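Asks: Sequence first, predicted coordinates after that:
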Amino acid sequence: MAQVTLRKVVKAYEGDVQAVKGIDLDIADHEFVVLVGPSGCGKSTTLRMIAGLEEITSGEIAIGGEVVNDVPPRDRDIAMVFQNYALYPHMSVFDNMAFGLKLRHFDKAEIKRRVDEAARILDIVPLLARKPKALSGGQRQRVAMGRAIVRNPKVFLFDEPLSNLDAKLRVQMRTEIKKVHQTVRTTTIYVTHDQVEAMTLADRVVVMNHGVIEQVGPPQELYHCPATRFVAGFIGSPGMNFIPARLENGAGALRLHLPGDIVLPVPADRTGRYGAHAGRPVLLGLRPEHLTESRNTDRPNVAPFPATPEVVEPMGMETLVHFRIDGAEICGRIDPAVPAEPGRPLPMAADLNHMHLIETESGRVL
Amino acid sequence: MSERDAAIAARPLPVGPSGLPAAPAAQPTARRASRLQRIARRNSTIAFLMTLPLILLIGGLVVYPFCYAVYLAMLNKRMTRFVGLDNFTFLLGRETFQNVIWQSVVFAVSAVLLKALIGFILAHVLHALPSRGQRAWRGMLLVPWVIPPAISTLAWWWLFDPSYSAVNWLLAGFGAGPIPWLGEAGWARFAVILVNVWYGAPFFMIMYLAALKSVPDQLYEAAAIDGASFWQKLRYVTLPMMRNIISITVLFSLIVTFANFDIVRILTNGGPQDTTHVFATYAFQVGIQSGDIPLGASVSLFMFPLLAVFAVFVLRGINRRSKEIGA
Amino acid sequence: MSATTAGAAPAPRRSGSLARERRWALIGAYVALAVFVVFFMLPPFHMLITSLKGSAEIADQTGNPWMVRSPTLENYRDLLTAGNYLTFFWNSVMVTACVVVISMVVSTLAAFALARMRFWGSQTLATGVFLTYLVPETLLFIPLFQIVGSLGLINNVWAMVLIYPTLTVPFCTWIMIGYFASIPKELDEAALIDGASHLQMLWKIFIPVALPGILAAMIFAFTVSWAAFIYPMAYLVSTDQMVLTVGIVSDLIRADTFQWGKIMAGALMAALPPLLVYAFLMDYYIAGLTAGATKG
């Protein structure tokens, strides 16, 4: 039993600077939760408060039903993997993994059994006698995870564990972490600034910004139904395009007036949702994959519009085109077979079935 | 130590997304003044206990003796009567002591300048060598610094012996006459400086070499591409990068050289006719050998104002250097 | 970058001239080095030569003093079999060993607390430690003479064990603070989560990880207490209490008879321990020397 509960947790530093401003979060047993957000959003502080490395200013943190506010880290039954691995440089891989068990006076045979098992899961059996210095980045990462696994704790805490790896290894270790979690099923809280990691690893993603939680949900939900402008922009790469627009009610149908005299029809099934906002300035949010070369314009709610790419980036399976609509930088994704050149007009189409409208002042997605 | 403050300061200020000032949600309730705070308090007690031996040592054997020295310096010779600043004014009025002041300053300044110069040249020469040979040369050049000066000065003393001087034998080979190294005031002053330079130059060399190695090669490459000559590289790249370490080393060495005892004591014992005495040897002669403790203490204390000024500058240099390296 | 291209006129850049310039620079560097190595090595070399001479050969003024004609080990034999030299040596070893142990215990504990456990006044204390290092012993030897006297320790070699730590501990603490501060914070946090107490953290993590720093500090403490001169000079009177730095002179110079052969042999043997430490641990020795210039 190791659910983790945060109730109105606040972290304030001297001078009333609040890094975390009262967050509530329930994490179920066996769940893999990722805290994601830009640097300084309070995600690491939150993790460190759960670990007991930072004191909680107010609020309550419970692990496995027991309030741990005043419990020192070693008695919280948690294990943590750090960004720079924090392997003890003078100890062999075996000793690194065994250290926590030795301090807890496990008997030798049990320590050996646990370390061997963790080493087998992580595929580092041949490395057990080596010192961290003699390991590659990926191997160190495994050892750091091994150190967490042998303890068989209630909760795993990961603090940006992949940031120090190169891009290729990062993808590989990502899969590895997911596999390990599927094997040991320990409740995991994982902090990253990389939304791709968050999307690929998490059962649920917690998006944080400025010390508050913007949205909590499964990855697909965050992608398709972001609750705020921040989440909409943060999740997905390249990010969602935001175009200032005006919602107008004309002849029973809603229309979006974009700068540059572009007028897009709002799908009929959204009329109820948006009707109350007619006549107000809004932000139109559209992901790049819904701004394509002119195609399927016969389908409902796909509207053509003219554009002139300024930069064309072939990615192989797709081509990104960057253009402007009245100063706003817009990115679209087109079929690589379509000839596109900077400066040459290219007819585009917007798939408004996937549009989002955002209230300009509050940043709320309507 | 200060890393932690920096880390905290580096955290971006969380301004509420709504622009509202952060609500006073942080109200430490009485209940929370409990275990973690007790632990924190216990931690600082542990920390205090760990530093206690250090505090006792510094307090008992440095700070207290210093204050005691000030008190001693204001007593009469038999330590029965408080005489205020009489010892100091008495010393300042004596010609011997005026010579001691003058000699200490000349000794320290000229020795430090020579050490710095030789150290600077040697560091550059070593730095220019291929790294394979550097170690062996560096190893040999540091030997004078490794031998305790009280021991190596004995060798110099023997080299300067009036009748058997091996140095004079060498000079005779060049046709130069025998030099009364320790017998004449001028030569004796030169001899103590020479030995001090011999002993201390390797320290400068090693400090400057470390500083040179910390200058990134790209700077020299960039300067070379910009068309800088050797002297221009020295002037615009090397010196600015080394400025801090040069001043730290010079100031530090000024303190040590100014307060030197071993070399003068063994080589000349202040002679001939007290012409080579520095503060420390004179204080020893007056305070320990002649038994006038208060006067000896006042002689030592004369060093203090100058040393204090140097020390403050060393500390400033080190703080700056740490910041440079940290940045 | 070569030092000795100094002043070389910017020659027309032909291929090959650069290589030649560099070669001349290197030759110049070696000449400069050789001159200084000779200057630096003359006294120890002469020490060695003299120590191998009998007293008759030393007194003989006709020969080359830089050569030894009939080498003998009698000076060494005499020192090691008769007289007080072995007493001095033993006293030096004992004092130095005690001082090194005391310095390391005091400075490691203090440095750990100052580097990692911030408490009231810790910043001031760290600065104070460094300022203490800058206080020369010649400023304090007279009041300490009175203090040592009031403790009844004048002419007692144990007084050195009490006083030498004032020379070693401040700098050792200072460089240990630097080494400890360079250990990543995450390492303590990992240890904290692994369940280590403060003392376990110090003993099992910090000391092993900062071992190079500990070694550098130990070497420093060793060289300083081996070389200390003014305190034994001022406080030790009888030969059974003396250490090497003062013993050699006092024992071998009686009135006006200088036994130079023995003095040099004794000096050489006294210089040997630091030289050996230096030869085998040069990197740590130098690390300790240069560490003082930064906070780590």
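Replies: That came in fine, so what should we check first?

Asks: Quickly check: the helix or strand containing C:Ser107 near chain A or not.
Replies: Assigned by DSSP states H and E, C:Ser107 belongs to helix C:85-116. No - using Cβ under 8 Å from any Cβ of the partner chain, helix C:85-116 stays clear of chain A, coming no nearer than 13.4 Å. The way it works is simple: take the backbone N, C-alpha and C, and place the C-beta from them, glycine included.

Asks: how about that helix: buried residues?
Replies: Buried residues in helix C:85-116, counted by 16 or more other Cβ atoms under 10 Å in any protein chain shown: C:85, C:87-89, C:91-92, C:95-96, C:98-100, C:102-104, C:106-116.

Asks: Among these, name the ones that also lie close to chain B.
Replies: Answer for the buried residues of helix C:85-116 near chain B (Cβ under 8 Å from any Cβ): C:106-107, C:109-110, C:112-115.

Asks: domains of chain C?
Replies: Chain C breaks down by automatic domain parsing into domains covering C:10-76, C:83-291.

Asks: Any idea which of those gets closest to B:Ala47?
Replies: Closest to B:Ala47 of the domains of chain C is domain C:83-291 (Cβ to Cβ; 3.8 Å).

Asks: ends of the closest one, how far apart?
Replies: Terminal residues of domain C:83-291 lie 41 Å apart, using Cα to Cα, to the nearest Å.

Asks: What's the local residue count around the closest residue to chain A within the stretch 1-150 of chain C?
Replies: For the stretch 1-150 of chain C, the residue closest to chain A is C:Arg118, as judged by Cβ to the nearest Cβ, at 12.8 Å. For C:Arg118, the neighbour count with other Cβ atoms under 10 Å in any protein chain shown is 17.

Asks: likewise the one 3 residues further on?
Replies: Counted with other Cβ under 10 Å, the burial measure for C:Gly121 works out to 12 neighbours.

Asks: May I see the buried residues of stretch A:319-329?
Replies: Neighbour-count burial for stretch A:319-329, counted by 16+ other Cβ under 10 Å, picks out A:319-323, A:325, A:328.

Asks: ok, and what's touching stretch C:77-95?
Replies: Residues from elsewhere that reach stretch C:77-95, judged by Cβ atoms under 8 Å, 6 or more residues apart in numbering or on different chains: C:157, C:160-161, C:164, C:225-226, C:239-245, C:247-248, C:251, C:262, C:265-266, C:269-270.

Asks: do that again at 6 Å, thanks
Replies: For stretch C:77-95, the surrounding residues in contact (Cβ atoms under 6 Å, 6 or more residues apart in numbering or on different chains) are C:157, C:160-161, C:239-240, C:242-244, C:247, C:251, C:262, C:265-266.

Asks: Also stretch A:65-82?
Replies: Residues outside stretch A:65-82 that contact it (Cβ under 6 Å, 6+ apart): A:51-52, A:56, A:60-61, A:144-145, A:148, A:151, A:153-159, A:161, B:34-36, C:186, C:192-193, C:195.

Asks: now stretch B:148-162
Replies: With Cβ under 6 Å, 6+ apart as the contact definition, stretch B:148-162 has outside contacts at B:166-167, B:181-182, B:191, B:195, B:199, B:262-263, B:266-267, C:43, C:46-47, C:227, C:229, C:245, C:260, C:267, C:270-271.

Asks: Turn the buried residues of stretch A:319-329 into CSV, including secondary structure, pLDDT and distance to chain B.
Replies: Shown next, in CSV, are the buried residues of stretch A:319-329 (DSSP: H, G, I helix; E, B strand; the rest coil; pLDDT from 0 to 100; distance: Cβ to the nearest Cβ, whole Å):
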residue, secondary structure, pLDDT, distance to chain B
A:Thr319, strand, 91, 35
A:Leu320, strand, 92, 29
A:Val321, strand, 92, 32
A:His322, strand, 92, 28
A:Phe323, strand, 90, 30
A:Ile325, strand, 81, 26
A:Ala328, strand, 81, 22
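
Asks: the helices in the stretch 1-150 of chain A, which residues?
Replies: Applying DSSP state H, counting those that start in this stretch to the stretch 1-150 of chain A gives helices spanning A:43-51, A:93-103, A:108-122, A:137-150.

Asks: Which of those helices sits closest to B:Gly296?
Replies: B:Gly296 lies closest to helix A:93-103 among these, at 55.7 Å (Cβ to Cβ).

Asks: What residues of that closest one count as buried?
Replies: By 16+ other Cβ under 10 Å, the buried positions in helix A:93-103 come out as A:93-101, A:103.

Asks: what's stretch A:83-92 in contact with?
Replies: Residues from elsewhere that reach stretch A:83-92 (Cβ under 6 Å, 6+ apart): A:96, A:129, A:131-132, A:140, A:143-144, A:159-160, A:163, C:186-187, C:190, C:208-209.

Asks: ok, back up a step: SS state for the residue of the stretch 1-150 of chain C closest to chain A?
Replies: Counting by DSSP: H, G, I helix; E, B strand; the rest coil, the backbone at C:Arg118 sits in coil.

Asks: Show the backbone phi and psi for it.
Replies: Torsion angles at C:Arg118 (phi, psi; degrees, to the nearest 10) stand at phi -70, psi 130.

Asks: So which residues on chain A come close to chain C?
Replies: For chain A, the contact set with chain C under Cβ under 6 Å from any Cβ of the partner chain comprises A:53, A:73-74, A:80, A:82, A:84, A:86, A:89-90, A:99-100, A:103-104.

Asks: May I see those residues arranged in a markdown table, with pLDDT as well?
Replies: A markdown table is the format used below for the residues of chain A next to chain C (pLDDT from 0 to 100):
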| residue | pLDDT |
| --- | --- |
| A:Leu53 | 90 |
| A:Pro73 | 89 |
| A:Arg74 | 87 |
| A:Met80 | 92 |
| A:Phe82 | 91 |
| A:Asn84 | 88 |
| A:Ala86 | 91 |
| A:Pro89 | 92 |
| A:His90 | 92 |
| A:Phe99 | 94 |
| A:Gly100 | 92 |
| A:Leu103 | 92 |
| A:Arg104 | 91 |
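
Asks: mind checking which helix or strand of chain A has the lowest mean pLDDT?
Replies: Lowest by mean pLDDT, DSSP states H and E among the helices and strands of chain A is helix A:271-274, with a mean of 80.

Asks: Centre of the chain to that one, how far?
Replies: Distance of helix A:271-274 from the chain centroid (Cα atoms, centre = their mean, to the nearest Å) equals 30 Å.

Asks: Quick check: mean pLDDT of the helix or strand just after that helix?
Replies: Downstream of helix A:271-274, the next assigned helix or strand under DSSP H and E is strand A:281-286. Strand A:281-286 carries an average pLDDT of 88.

Asks: Per-residue pLDDT of the residue most central in space within chain C, please?
Replies: The centroid of chain C falls nearest to C:Thr223 when counting by Cα atoms, centre = their mean (2.6 Å). At C:Thr223, the model reports a pLDDT of 94.

Asks: How about it, nearest residue that isn't a chain neighbour?
Replies: Of all residues not flanking C:Thr223 in the chain, C:Pro274 sits nearest, at 5.2 Å (Cβ to Cβ, 6 or more residues apart in numbering or on different chains).
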